[in-house]
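S.K.: Got a predicted model here, sequence first, then my questions.
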Amino acid sequence: MNKELTRTFPQILAEAVEKHGPRPALTFVGEQPLTFNDLNRLIYSVIAFNERLGIVPGDRVAILSTNMPNWAAAYFSIVNMGAVVVPLLPDFSPTEIENILIHSNCRMIFVSSALDRKLQDIKLSDSLIRICLEDFSVIEPKSLEHRFDIDNLPSRKYEVTPNQLASIIYTSGTTGKPKGVMLSHENICFTAHKGRTIQPIHENDRFLSVLPLSHTYESTLGLFLPIISGACVYYINKPPTPTVLLPALKSVKPTAMLTVPLIIEKIYHNRIKPALHINRIARAAYWFPPTRKVMINLAGKKLMDTFGGELKFFGIGGAKLSETVEQFLIDAKFPIAIGYGLTETSPLLAGTSPMVHRLQSTGPAMEGVTLKIHNPDPHTGEGEIWAKGPNVMIGYYHDEALTAEVLVEDGWFRTGDLGVFDKDNFLSIKGRMKNVIIGPNGENIYPEEIESVINNFKYVNESLVLENKGKLVALVHFNREEIEARYQHFKDEISTKIEDRYEELRKELHTYINSRVARSSQVQKVINHHEPFQKTATQKIKRFLYGSGQNKK
């Protein structure tokens, strides 16, 4: 670990305040920003409030909220006093929340008013303190008479060490024994610092935050990294639907954003691709190389204008990006950058800036991180990605057996992902080991690659490729709105026409897939999946919920 890097959250905050005190730090779009000085004052007044509520170093304190400046204040107040923060995803079910609160033995929870309803449906410990995140008022127990006061200061100083536990992050809480990733101060601070070696960030940069802060991807790279850099982070106080997001982009003119593939893929398939193929003349022009380049350049400029016109870094992570969409963004000179990592690695392991981006590659290992392919295939070079570095987690909370499965051989972490390096040590991800399907001749079949082909088909929203009795089956969620728009002139016959069209689409898609994939990856059956698939925080489909797909109709 480089000595010049701050290794704990109190150090990060103190350094940021000293360097950038009067500059804007956090705000809702359209509101007066909190400066770094304001944020520092707020954090230490919340620490004082925590003290009065009986919180001491080592206590677990949860946060259940959508993104807001007070989320950051609560987080820093917890970790700066040596307590442990437990961020909860806003879309967790009441059952998941209950299981996590019990498993982590939380003493207190900061909850936004809109999400407090989820706590009404579960049995909470009588000793659990609930605090409203918007104004830090006490929700329960009502017998507590303590009031938050911005002018209060902590009664003592707290010593925090780099290896001290800072956060327990749960990727799911469906079962009675959820999996909690334990991250130290150094794990997270190291990643926030080293992320800047991939893309320099400065005090004039503006981040627009659209992913949940409770996921380490957004909190480490979209909050702590900007704070270290003196940049300002903007939040949207409503769900980021197009009608809310577009005015925000115009107002903020962000220079940096973090997203997941689903967001930009939807924009491409719903807005860009239809415009490029709007009629026969446009389609012909698109396939003629000289005019194709002009059309892509124009589309890229329009996309940049949509995002405010000043974007220089559009980070994409959390799942595999469609090759077709990625190639378009590269050709359109849109500033995409693909990153790779896991919650267990705080999260970043590899990445590039838009300037050196390569198609279907996440780039080389981040500075200070070592990656290797364990037991590579002698012919393809593919194998499981192992990682080592200061950002690798402490382990899984209260689960030594599971920790021992992934932390092996002198600190190496088994990612569970399959990858391969090129001659320049740029890493390409092939897929999750547990998702790989072994073909009849022993070849590896990566369902993510087949899904990328399927998702590029017109009228497809998303898909899932599974194995069923030795055959490949594709579950496909079609874009019903677009199909209805095409057949709206049939009026009373629209339902019949759409159902007929689904049958045609399944057959057409089946041929489309098998003409574009290797023989070993050809699908036996295409099944219409009527509802959107359930997803994780980074919009990856929860594959385990869909079994073999044999009962889907």
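M.R.: All right, it came through fine.

S.K.: can I have stretch 527-539 written out in PDB, keeping just the CAs?
M.R.: Taking C-alpha atoms only, stretch 527-539 is exported to PDB below (Å, rounded to 0.1, in the frame of the first residue of the first chain):
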ATOM      1  CA  ILE A 527     -40.100 -19.500 -25.100                       C
ATOM      2  CA  ASN A 528     -42.000 -16.300 -24.600                       C
ATOM      3  CA  HIS A 529     -41.400 -15.000 -21.000                       C
ATOM      4  CA  HIS A 530     -44.300 -12.600 -20.500                       C
ATOM      5  CA  GLU A 531     -42.900 -10.700 -17.400                       C
ATOM      6  CA  PRO A 532     -39.600  -8.900 -17.000                       C
ATOM      7  CA  PHE A 533     -37.000 -11.000 -15.300                       C
ATOM      8  CA  GLN A 534     -36.200 -10.300 -11.600                       C
ATOM      9  CA  LYS A 535     -32.800  -8.500 -11.300                       C
ATOM     10  CA  THR A 536     -30.000  -7.600  -8.900                       C
ATOM     11  CA  ALA A 537     -29.000  -4.100  -8.000                       C
ATOM     12  CA  THR A 538     -26.700  -4.000 -11.100                       C
ATOM     13  CA  GLN A 539     -29.500  -5.200 -13.300                       C
END
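
S.K.: List the buried residues in it.
M.R.: Across stretch 527-539, burial judged by 16 or more other Cβ atoms under 10 Å covers 527-529, 533, 536-539. For the C-beta atoms, the positions are set from N, CA and C on the backbone; glycine is no exception.

S.K.: shaky segments in the stretch 351-500 of the chain?
M.R.: Applying pLDDT under 70 to the stretch 351-500 of the chain picks out residues 485-498.

S.K.: just the strands in it please.
M.R.: For the stretch 351-500 of the chain, the strands defined by DSSP state E, counting those that start in this stretch cover 370-374, 383-388, 395-396, 407-408, 412-421, 427-432, 437-438, 444-445, 460-468, 471-478.

S.K.: Could you dump these into a markdown table with mean neighbour count added?
M.R.: Below are those laid out as a markdown table (neighbours: other Cβ atoms under 10 Å):
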| stretch | mean neighbour count |
| --- | --- |
| strand 370-374 | 16 |
| strand 383-388 | 21 |
| strand 395-396 | 19 |
| strand 407-408 | 15 |
| strand 412-421 | 20 |
| strand 427-432 | 20 |
| strand 437-438 | 14 |
| strand 444-445 | 19 |
| strand 460-468 | 21 |
| strand 471-478 | 21 |
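
S.K.: which one of these lies closest to residue 97?
M.R.: Smallest distance to residue 97 across these (Cβ to Cβ): 19.0 Å, for strand 395-396.

S.K.: Out of the buried residues of stretch 527-539, which sit inside strands?
M.R.: For the buried residues of stretch 527-539, the ones inside strands are 527-528, with DSSP state E as the criterion.

S.K.: Which one of the buried residues of stretch 527-539 is nearest to residue 339?
M.R.: Proximity of these to residue 339 was ranked by Cβ to Cβ; the top entry is residue 538 with 11.3 Å.

S.K.: how many other residues sit next to the closest residue to the closest one other than its chain neighbours?
M.R.: For residue 538, ignoring the flanking residues on the chain, the nearest one in space by Cβ to Cβ, 6 or more residues apart in numbering is residue 318 at 2.9 Å. By other Cβ atoms under 10 Å, 25 other residues sit near residue 318.

S.K.: Quick check, residue 318 in contact with residue 539.
M.R.: Yes. Residue 318 is within contact range of residue 539, at 6.6 Å (criterion: Cβ atoms under 8 Å).

S.K.: dump the residue contacts of the closest residue to residue 370 other than its chain neighbours.
M.R.: Closest residue in space to residue 370, ignoring its immediate chain neighbours: residue 388 at 4.6 Å, by Cβ to Cβ, 6+ apart. Shown in contact with residue 388 (Cβ atoms under 8 Å, 6 or more residues apart in numbering): 369-370, 410-413.

S.K.: Go through the protein and flag its longest helix.
M.R.: What stands out as the longest helix in the chain, according to DSSP state H, is helix 494-514.

S.K.: Not counting its own residues, what contacts it?
M.R.: Applying Cβ under 8 Å, 6+ apart, the external contacts of helix 494-514 come out as 450, 453-454, 457, 459-460, 474, 476, 478, 480, 483-484, 486-488, 490, 522-523, 525-528.

S.K.: Just the buried positions in that helix, please.
M.R.: Buried residues in helix 494-514, defined by neighbour count with 16+ other Cβ under 10 Å: 497-498, 501-502, 505-506, 509-510, 512-514.

S.K.: for the nearest residue to residue 415 once chain neighbours are set aside, which residues make a bridge with it?
M.R.: Nearest residue to residue 415 in three dimensions, chain neighbours excluded: residue 385, at 4.5 Å (Cβ to Cβ, 6+ apart). For residue 385, the beta-bridge partners under DSSP bridges are residue 373.

S.K.: I figured residue 385 was touching residue 417, is that so?
M.R.: Yes. Using Cβ under 8 Å, residue 385 is in contact with residue 417, at 4.9 Å.

S.K.: Give me the common contacts of the two.
M.R.: Shared contacts of residue 385 and residue 417, counting by Cβ under 8 Å, 6+ apart, come down to residue 429.

S.K.: Fine by me, we can end here.
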